[in-house]
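Trainee: let's see this in three dimensions:
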Amino acid sequence: MPIRLIQFQNIHKYCHDVPKSGFDPQSGIYHSLDKLDERQKFPTRPDLDTATFVLSQFPHPHQAESQIALIDSSTNQQVTYAQLQRSIRSLASGLYHALGVRKGDVVFVLSPNSLLFSTICLAVFSIGAILTTANPLNTKSEIVKQVRDSRAKLAISAPEELHKLVPTGVPIILTSRKPNNDSLSIEELIECCDHSEFPQPKLAQSDTAAILYSSGTTGTSKGVILTHANFIAVMTLLRWSVDVTSAQNDVFLCFIPMFHIYGLAFFALGLFCSGTTTVLMQKFEFQAMLHAIKAHKVNNIPAVPPVILGLVKYTSKAGFESELSSLRRVGSGAAPLSKELGDGFRERFPWVEIRQGYGLTESCGAATFFVSDNDAKARSGSAGKVVDIETGKALPPYREGQLWLKSPTIMKGYLGNVEATSETIDSDGWLKTGDLCYIDGDGFIFIVDRIKELIKYNGYQVAPAELEAILLSHPTIIDAAVIPVEDDEAGQIPMAYVVKAVGSQLTADQVIQFVAGQVAPFKKVRRVSFTSAIPRSAAGKILRKDLVSQSKQQLISKL
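Mentor: Numbering: from 1, shown residues only. Sure, this is the predicted structure:
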């Protein structure tokens with residue numbers, strides 16, 4: 001099922017010639033038109049686990065000693081595939097023998113990106129334990145809640161985040177040594193358990209591998225249960241993508257947080273299956289990213305729309321072509337990429353392919369994605385439906401509805417939440433994504449917006465992402481977000497939060513008129529507030545719930 005995350009095209013007149021779309025009128029299901037060869041098929045061996053699958057894809061031993069797996073962008077420290085494999089086995093042994101971690105135990109990881117992150121994840125999987133990760137920016141109360149909800153038996157923490165875990169009472173080890181601190185570290189555990197053996201657990205693809213917490217951009221965060229089969233399916237697709245685009249020799253840049261499903265599936269696990277080299281940044285900083293691209297001749301950046309927007313804006317600086325000349329591919333995921341931004345990027349970087357993908361934590365980070373921006377090939381391991389949000393009826397091409405997915409990547413369910421699971425996954429295994437979309441006659445998916453985020457203005461549905469794309473096309477608007485605000489007459493009205501360029505004299509009325517000239521009357525922005533920054537999740541998603549709370553506080557303060 002191909003996908004193109006290009007939004008807000010005019011929906012063409014319904015076409016009855018649907019075979020190219022992959023749509024089956026009898027079942028109402030869209031199927032992928034691609035055929036898998038033997039290497040691309042999902043492994044069916046029932047006792048296969050994530051760590052075994054990843055390690056089996058490492059380069060041949062004589063290549064592994066010299067093939068670079070990871071590079072720290074700030075220190076230039078390098079890790080070969082052979083070193084990585086030895087560290088994984090040593091840490092797994094240490095977790096098993098020194099700390100008593102067993103199959104089914106939950107290990108909580110609180111750390112920014114580091115050379116040790118992948119080692120930790122794969123060591124946890126190797127002993128059959130369950131991984132759960134968190135954003136280091138989370139508050140102490142949020143950390144405590146997740147540790148308790150996941151029933152973690154052990155916590156692994158970056159030294160600077162240790163204080164957030166102390167109230168949990170869970171045993172803690174640090175990722176690295178800390179001066180004047182006697183706590184055991186991952187580094188020490190790897191050293192002391194070098195070459196030690198540990199019993200191989202009996203695992204199944206159906207066993208739980210990780211519990212990852214959704215970002216909760218519109219509501220309460222929930223624990224997503226992902227199996228070894230989910231990760232293996234996603235990594236199979238990623239390996240195929242690297243193979244078909246001949247990206248095996250690319251140098252990738254990772255600033256996507258590895259605690260997020262995007263970073264975990266792609267960088268902490270998946271790219272090792274193709275023997276590529278990844279340059280790691282501990283956290284995203286735009287100038288540091290530019291330096292890393294130039295210094296390491298980076299070819300490939302899986303990114304998020306705010307980063308792509310930054311690159312487009314950066315092209316006003318002289319000499320950007322030489323700094324970014326090594327780039328060949330830029331990916332976009334985790335949040336919608338507007339048509340305007342995609343077109344703007346292609347105009348400024350004609351030598352770079354932009355590859356868009358779509359997925360959720362609930363689909364283990366991937367559902368469908370482009371392989372090439374030029375030939376419009378795409379890839380999917382799933383089947384899909386577009387379902388009318390009122391009647392539940394499956395819809396043909398060019399009709400808007402909720403996207404449903406069925407795939408080996410779909411989660412087992414939400415931890416301890418039977419009701420939410422049954423609301424999200426039906427009895428036949430279809431995942432209700434919560435995204436409004438339509439599929440055209442060629443099988444391309446056009447994501448409109450999150451259904452829960454649609455603004456209901458006088459009975460009309462207004463997509464915030466459409467208005468945000470228009471706002472971002474303004475030359476002096478750096479960032480923007482649109483939220484619903486309660487209104488006695490209309491029910492809800494669109495309100496825009498806008499970050500304007502330094503020195504800009506842009507007014508609220510000018511913003512309103514700029515949008516009004518490009519949309520139907522019911523879609524107009526009715527209120528504008530200027531702000532210094534738009535709150536976003538680590539993956540780049542707008543935290544609308546924070547802005548809604550902010551707007552309510554602003555209203556109260558005026559009363």
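
Trainee: contacts and neighbour counts: CA atoms only from here.
Mentor: Will do.

Trainee: for Ser529, which three-state class applies?
Mentor: strand (DSSP: H, G, I helix; E, B strand; the rest coil).

Trainee: go on, the one 3 residues further on?
Mentor: Here Ser532 is coil, with the state taken from three-state DSSP.

Trainee: what's the neighbour count on it?
Mentor: Ser532: 12 surrounding residues under other C-alpha atoms under 10 Å.

Trainee: quick one: residues contacting it.
Mentor: The neighbours of Ser532, taking C-alpha atoms under 8 Å, 6 or more residues apart in numbering as the test, are Val499.

Trainee: for it, give me the pLDDT.
Mentor: If you check Ser532, the pLDDT there is 91.

Trainee: distance-wise, check it relative to Ser504.
Mentor: 13 Å (C-alpha to C-alpha, to the nearest Å).

Trainee: and Lys406, by the same measure?
Mentor: 48 Å.

Trainee: ditto for Ala520
Mentor: Applying C-alpha to C-alpha to Ala520 and Ser504 gives a distance of 27 Å.

Trainee: now do the strands in the stretch 101-250 of the chain.
Mentor: Secondary structure of the stretch 101-250 of the chain, counting by DSSP state E, counting those that start in this stretch: strands at 106-110, 130-134, 152-157, 172-174, 208-213, 223-227.

Trainee: those: which one's closest to Ser473?
Mentor: Distance to Ser473, taken as C-alpha to C-alpha, is lowest for strand 208-213 among the strands of the stretch 101-250 of the chain, at 32.9 Å.

Trainee: show me the helices in the stretch 401-550 of the chain, by range?
Mentor: Assigned by DSSP state H, counting those that start in this stretch, the helices in the stretch 401-550 of the chain fall at 418-424, 464-472, 508-516, 544-558.

Trainee: and of those helices, who's closest to Ser111?
Mentor: helix 544-558 (24.0 Å).

Trainee: and the closest one, what other elements does it pack with?
Mentor: strand 477-487 (3 or more C-alpha pairs under 8 Å, 6 or more residues apart in numbering; DSSP states H and E).

Trainee: report the buried residues of the strand it packs on.
Mentor: Buried positions in strand 477-487, judged by neighbour count with 16 or more other C-alpha atoms under 10 Å: 477-486.

Trainee: over to stretch 338-347?
Mentor: 338-339, 341-342, 344-345.

Trainee: likewise for stretch 95-114?
Mentor: So, applying 16+ other C-alpha under 10 Å, buried residues of stretch 95-114: 95-97, 101-114.

Trainee: hmm, back to that, and the buried residues of strand 477-487, which is closest to Asn181?
Mentor: Asp479 (42.2 Å).

Trainee: just give the nearest non-adjacent residue to the closest one, would you?
Mentor: Val499 (5.0 Å; C-alpha to C-alpha, 6 or more residues apart in numbering).

Trainee: for Ala533, see how far away the one you found is.
Mentor: For Val499, the distance to Ala533 (C-alpha to C-alpha) stands at 6 Å.

Trainee: identify the contacts common to the two.
Mentor: Asp479.

Trainee: contact partners for Ile173?
Mentor: Here Ile173 is in contact with 154-157, 183-186 (criterion: C-alpha under 8 Å, 6+ apart).

Trainee: mind putting those into TSV with neighbour count and pLDDT?
Mentor: Listed next are the contacts of Ile173 as TSV, based on neighbours: other C-alpha atoms under 10 Å; pLDDT from 0 to 100:
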residue	neighbour count	pLDDT
Leu154	21	97
Ala155	23	97
Ile156	25	97
Ser157	24	96
Ser183	14	81
Leu184	16	89
Ser185	20	92
Ile186	23	94
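
Trainee: tell me the one of the residues you listed nearest Ala463?
Mentor: Ser157 (39.4 Å).

Trainee: beta-bridge partners for that closest one, please?
Mentor: Taking DSSP bridges, one obtains Leu110, Leu174 as the residues bridged to Ser157.

Trainee: pull the number of nearby residues for the residue nearest to Val144 when sequence neighbours are not counted.
Mentor: Nearest residue to Val144, sequence neighbours excluded (C-alpha to C-alpha, 6+ apart): Thr168, at 5.7 Å. Other residues near Thr168 come to 18 when the count uses other C-alpha under 10 Å.

Trainee: what pLDDT does the model give the closest residue to Ala134 other than its chain neighbours?
Mentor: Closest residue to Ala134 apart from its sequence neighbours, by C-alpha to C-alpha, 6+ apart: Leu110 at 5.4 Å. You'll see Leu110 listed with a pLDDT of 97.

Trainee: go ahead and confirm Leu110 touches Leu137.
Mentor: No - counting by C-alpha atoms under 8 Å, Leu110 does not reach Leu137; the two are 9.6 Å apart.

Trainee: so which of Val499 and Ala533 has more stuff around it?
Mentor: Val499 (19 against 14).

Trainee: my guess is the more buried one contacts Ala480, does it?
Mentor: Yes - using C-alpha under 8 Å, Val499 is in contact with Ala480, at 6.0 Å.

Trainee: quick one: common contacting residues for these two?
Mentor: Common neighbours of Val499 and Ala480 (C-alpha under 8 Å, 6+ apart) are Ile534.

Trainee: quick one: low-confidence ranges for this structure?
Mentor: Within the chain, the ranges that satisfy pLDDT under 70 run 1-19, 32-40, 215-220, 316-319, 334-336, 369-383, 538-539, 555-559.

Trainee: pop the domain breakdown of it in here.
Mentor: 81-227, 454-558 (automatic domain parsing).

Trainee: TSV for those, including distance to His62?
Mentor: Listed next are those as TSV, based on distance: least, C-alpha to C-alpha, whole Å:
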stretch	distance to His62
domain 81-227	9
domain 454-558	37
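
Trainee: now render the strands of the stretch 101-250 of the chain as a markdown table, adding distance to Val307.
Mentor: Shown next, in a markdown table, are the strands of the stretch 101-250 of the chain (distance: least, C-alpha to C-alpha, whole Å):
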| stretch | distance to Val307 |
| --- | --- |
| strand 106-110 | 24 |
| strand 130-134 | 22 |
| strand 152-157 | 27 |
| strand 172-174 | 31 |
| strand 208-213 | 23 |
| strand 223-227 | 26 |
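
Trainee: for Glu419, find the nearest of the ones you listed.
Mentor: strand 223-227 (13.2 Å).

Trainee: report the buried residues of that closest one.
Mentor: 223-227.

Trainee: which other residues reach it?
Mentor: 150, 205-214, 361-362, 364, 410-415.

Trainee: so what's Lys432 bridging to?
Mentor: Beta-bridge partners, per DSSP bridges, of Lys432: Trp404.

Trainee: please enumerate residues in contact with whichever helix or strand Ser322 is part of?
Mentor: Secondary structure assignment for Ser322, by DSSP states H and E: helix 320-323. Counting by C-alpha under 8 Å, 6+ apart, helix 320-323 makes contact with 290, 293-294, 314, all of which sit outside it.

Trainee: out of those, the closest to Cys193 would be?
Mentor: The closest of these, once distances to Cys193 are taken by C-alpha to C-alpha, is Ile293, at 36.0 Å.
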